[in-house]
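S.K.: Quick check, what structure comes out for this input:
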Amino acid sequence: MSFIILDRDGVINEDSDAYIKCPEEWIPIPGSLEAIALLSRRGFKLVVLTNQSGLARGLFDTAALDRIHAKMLAAITQAGGRLEAIFHCPHGPEDGCACRKPKPGLFRAFAERYGVDLHQIPAVGDSYRDLEAAWAVGAAPILLETGKGQRTLARHPDLDIPIFPNLYAAAQHLIHDHA
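M.R.: Have a look, this model is predicted:
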């Protein structure tokens, strides 16, 4: 079975420059839950690797993050999908940790826990730091135009990676690519 790495905010759910601080603010992007269900049915294992600096900034606590993730997991399950795991970085940009994307610590933690070679594993994100973390470990980055994707494209118009309008379009490509 193949793994696919997903970012959370801007990939699965609507992003917010004010952060997703409570379950009520977690709103799935149209088609994203169906995309996860489709990939799950086709035998892919999905993991989420997400920066959550709102924890370090004091905007929400781990109990709130757990409630947000419980809502996300329930919505994914209801749609017929499954996530293997969620890895998050709780640090802020100034903390100098190894796990905050663009650093590859979350990718390495996932690889270690699951005994996975990250080389060419699809890693779906919407920000340049998602792409940088994937490149750092030899994964295969995919950019979505949702979330910060349009901004990422405007700042980096010459990206030579697959780019899709949303997670559902990326899922269809991944299924076709691995058929």
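S.K.: Looking at this structure, which helix is longest?
M.R.: The single longest helix within the chain, with elements called by DSSP state H, is helix 62-78.
S.K.: Same question for the helix or strand following that helix: list its buried residues.
M.R.: As assigned by DSSP states H and E, the chain's next helix or strand after helix 62-78 is strand 85-89. Across strand 85-89, burial judged by 16 or more other C-beta atoms under 10 Å covers 86-89. To be clear about C-beta, it is placed using only N, CA and C from the backbone, and glycine gets the same treatment.
S.K.: Check stretch 112-127 too.
M.R.: The neighbour-count check on stretch 112-127 (16+ other C-beta under 10 Å) flags 116, 118, 121-127 as buried.
S.K.: Please apply the same query to stretch 41-61.
M.R.: Buried-residue list, stretch 41-61, by 16+ other C-beta under 10 Å: 44-56, 60.
S.K.: So for it, mean pLDDT?
M.R.: For stretch 41-61, mean pLDDT is 97.
S.K.: rewinding a little: in strands, which of the buried residues of stretch 41-61 appear?
M.R.: Counting by DSSP state E, these place 45-51 in strands.
S.K.: correct me, but Gly136 touches Leu106?
M.R.: Just so we're on the same page, residue 136 is Ala rather than Gly. No. Between Ala136 and Leu106 there is no contact under C-beta atoms under 8 Å: 10.9 Å.
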